[in-house]
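Participant: Any chance you could fold what I've pasted below:
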Amino acid sequence: MKNNKVSVITLGCSKNTVESEAVIGLFLKEGYEITGNLSQANIIVIHTCSFIQDAQAESHYQIQQAGLLKQQNKDLKIFVSGCLAQLLQDKMQKDYPFIDGYVGTGNFDQIVKLIKKHKFFANTNCAGGINTFKTRVLSTNSPSTYIKIAEGCNHRCSYCIIPNLRGKFISRTIKSVTDEAKALADSGIRELNVIAQDTTSYGIDIYGKLSLAKLLKEISKIKQLKWIRLLYAYPSTITKELLETIYETENICNYIDIPIQHISKKVLNDMKRPENTRKIIEKIKKDFPEITLRTSLITGFPNETEADFKELLSFVKQNYFEHVGIFGYSDQKLAKSYKLKNKISQQITEKRVQLLANAQFENVIKNNKEKIGKTFEVLPETISKDKIYCRAYFQAPEIDNTIIVNKNKNITLNKFTEITIKDYKDYDLIAK
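Facilitator: Purely as a prediction, here's the structure:
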């Protein structure tokens with residue numbers, strides 16, 4: 001097949017990565033060749049993200065870089081998929097006339113068929129995503145990957161446009177997920193990170209009740225899986241059964257990512273988020289102190305007073321979360337929060353972000369000190385010069401800190417091994 005070399009650029013979160021891997025499989029099935037070298041590609045697909053302004057900026061940058069390549073190769077075809085294509089297609093058609101086609105989140109799996117047309121603009125108002133992954137081809141040799149258990153979201157957080165782009169919450173069946181998990185395990189995957197826009201609502205739409213605990217129990221029966229990790233949990237749908245399942249099941253990591261966004265009831269109300277978030281977190285830490293928690297926070301939200309911020313800062317200092325992602329509020333025209341008055345200046349927002357980061361850094365130092373002398377099983381992932389970078393069960397891939405070990409002939413990349421923490425440097429732990 002002529003002109004059959006395809007490069008797929010994936011931007012944004014791990015959910016986009018899973019979708020790109022499914023589409024790569026579709027390309028391979030149709031006889032295309034996948035290349036990571038953009039200069040050799042005849043076709044470039046840019047799978048975009050638009051959740052925050054920084055993500056949109058990265059998407060625009062990649063489109064512009066692809067446009068420069070097209071100036072050198074007039075036969076190069078460029079296609080844009082995903083959230084940004086759905087959000088800004090009309091504007092992008094004016095700004096980037098060199099783009100050969102667009103697909104939204106709901107028809108990304110049709111791109112291989114559509115790409116055979118000279119120029120196309122698929123229905124980018126078709127919300128949704130890829131909920132079947134039979135064609136999925138992993139994009140790395142890592143024994144760690146993600147599995148997406150649902151698409152869309154039924155929550156209406158005022159700052160978020162995901163429901164506009166991804167549609168209503170749709171769970172995959174337990175059989176569909178476990179079949180994929182088994183296939184991934186058979187291919188060498190040992191760490192499975194469970195993701196969705198809202199993982200803890202899993203099953204409510206097809207089984208009539210929250211069914212994540214049941215799903216995790218089924219996945220945990222796959223003995224090749226050493227670590228199963230839960231990300232993107234919504235606070236109010238975390239059940240006692242779920243917590244007990246995580247705590248009691250050997251190959252489910254004592255780790256939950258719970259993006260709480262804020263702690264002030266007034267701000268949470270403006271965000272359209274659960275106002276009892278504080279009680280939820282406090283109860284989890286009281287009843288299950290061994291479970292490591294990660295969260296995400298937004299400061300600088302419209303109407304966030306100094307008192308609201310101080311309440312959030314005080315909560316962070318209580319060290320409930322081992323890992324915290326901190327973001328300044330980002331306006332989105334389609335989001336309900338865009339219409340809120342009393343916007344916080346960028347200067348104040350950046351100051352608040354830094355104060356939260358400083359408070360969390362003190363927590364990190366305290367937590368790191370407590371790990372000195374303890375032994376953990378880790379997954380060695382990368383080598384840089386004379387250092388090997390590893391993760392333990394309490395560290396999620398890509399987003400959390402790492403454990404650094406001096407290069408050692410007894411340590412093999414991607415094979416679990418035991419290490420002992422001897423020191424720390426800033427966020428990272430040092431081991432032997």
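Participant: quick one: the lengthiest helix in the chain to chain centroid distance?
Facilitator: Taking DSSP state H as the criterion, the chain has its longest helix at helix 346-371. Put simply, helix 346-371 sits 22 Å off its chain's centre (C-alpha atoms, centre = their mean, to the nearest Å).
Participant: Dihedrals phi and psi, Glu398?
Facilitator: phi 70, psi -30 (degrees, to the nearest 10).
Participant: now it: how far from Asp257?
Facilitator: Between Glu398 and Asp257 the computed distance is 12 Å (C-beta to C-beta, to the nearest Å). Yep, even glycine has a C-beta here, placed from its N, CA and C like the rest.
Participant: still on that earlier bit, neighbouring strands of the helix or strand just after the longest helix of the chain in the sheet, and parallel or not?
Facilitator: Following helix 346-371 in sequence order, the next helix or strand is strand 375-384 (DSSP states H and E). As defined by DSSP bridges, the strand partners of strand 375-384 come to strand 387-391 (antiparallel), strand 417-425 (antiparallel).
Participant: With respect to Ile111, which of these lies nearest?
Facilitator: Of all the strands paired with strand 375-384, strand 387-391 sits nearest to Ile111, with 33.2 Å by C-beta to C-beta.
Participant: Flag every buried residue along the closest one.
Facilitator: 388-391 (16 or more other C-beta atoms under 10 Å).
Participant: Quick one: distance of that strand to the chain centre.
Facilitator: For strand 387-391, the distance to the chain centre is 21 Å (C-alpha atoms, centre = their mean).
Participant: now swap in stretch 51-65 and tell me
Facilitator: That offset, for stretch 51-65, works out to 17 Å (C-alpha atoms, centre = their mean).
Participant: buried ones in it?
Facilitator: 51-52, 55-56, 58-60, 62-63.
Participant: Show me the chain divided up by domain.
Facilitator: Each domain of the chain is listed here as a residue range: 5-121, 144-370, 375-431, per automatic domain parsing.
Participant: Those domains: which one's closest to Val137?
Facilitator: domain 5-121 (4.3 Å).
Participant: and the closest one, average pLDDT?
Facilitator: Mean pLDDT, domain 5-121: 85.
Participant: what do you get for stretch 162-176?
Facilitator: The average pLDDT within stretch 162-176 is 90.
Participant: any residues touching it, and which ones?
Facilitator: 50-51, 83, 86-87, 104-106, 127-129, 131-132, 148-156, 197-198, 201-207, 211, 214-215, 218, 334 (C-beta atoms under 8 Å, 6 or more residues apart in numbering).
Participant: Quick check: end-to-end length of it?
Facilitator: Criterion C-alpha to C-alpha, to the nearest Å; first-to-last residue distance in stretch 162-176 is 24 Å.
Participant: buried set for that stretch?
Facilitator: By 16+ other C-beta under 10 Å, the buried positions in stretch 162-176 come out as 162-167, 169-172, 174.
Participant: Ile252 contacts Ile222, doesn't it?
Facilitator: No. With contact defined as C-beta atoms under 8 Å, Ile252 does not reach Ile222; the gap is 11.5 Å.
Participant: ok, which pair from the buried residues of stretch 162-176 is furthest apart?
Facilitator: Largest pairwise distance in the buried residues of stretch 162-176, by C-beta to C-beta, is 28.4 Å, between Asn164 and Ile174.
Participant: coming back round to it: let me know which of the strands paired with strand 375-384 is the nearest to Ser345.
Facilitator: strand 417-425 (34.7 Å).
Participant: how far out from the middle of the chain is that closest one?
Facilitator: That offset, for strand 417-425, works out to 27 Å (C-alpha atoms, centre = their mean).
Participant: Next: stretch 215-225.
Facilitator: Chain-centre distance of stretch 215-225: 21 Å, with C-alpha atoms, centre = their mean.
Participant: ok, then the element right after the strand or helix carrying Glu21?
Facilitator: Here Glu21, judged by DSSP H and E, is contained in helix 14-29. Remark: after helix 14-29, the chain's next helix or strand is strand 33-34, criterion DSSP H and E.
Participant: helices or strands up against that following strand?
Facilitator: strand 5-10, helix 14-29 (3 or more C-beta pairs under 8 Å, 6 or more residues apart in numbering; DSSP states H and E).
Participant: Helix 14-29 and the first one, what's the angle between them?
Facilitator: Spelled out, that is strand 5-10. 170 degrees (axes from the mean of the first three to the mean of the last three C-alpha atoms, to 10 degrees).
Participant: Give me the contacts around strand 5-10.
Facilitator: Outside strand 5-10, the residues that reach it (C-beta under 8 Å, 6+ apart) are 16-17, 20, 23-24, 27, 32-38, 40-47, 62, 66, 139.
Participant: Using ChimeraX, define a selection of the buried residues within those residues.
Facilitator: Paste this into ChimeraX to select the buried members of the contacts of strand 5-10, with burial taken from 16+ other C-beta under 10 Å:
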select :16,17,20,23,24,27,32,34,35,41,42,43,44,45,46,47,62,66,139
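Participant: ok, the buried residues of strand 387-391 vs Glu244, which is closest?
Facilitator: So of those, ranked by how close each gets to Glu244 (C-beta to C-beta), first place is Arg391, at 25.0 Å.
Participant: re the thing from before, so for Ile281, which of the strands paired with strand 375-384 sits nearest?
Facilitator: Here strand 387-391 is closest among those (C-beta to C-beta), at 23.8 Å.
Participant: next SSE after the closest one?
Facilitator: Strand 387-391 is succeeded, C-terminally, by strand 403-406 (DSSP H and E).
Participant: Let me see the residues that make contact with that next one.
Facilitator: Here strand 403-406 makes contact (C-beta under 8 Å, 6+ apart) with 376, 378, 380, 386-392, 395, 411, 419, 421, 425, 428-432.
Participant: could you redo the last one with a cut-off of 10 Å?
Facilitator: With contact meaning C-beta atoms under 10 Å, 6 or more residues apart in numbering, strand 403-406 is reached by 371, 376, 378-381, 383-384, 386-392, 394-395, 411, 417, 419-425, 428-432.
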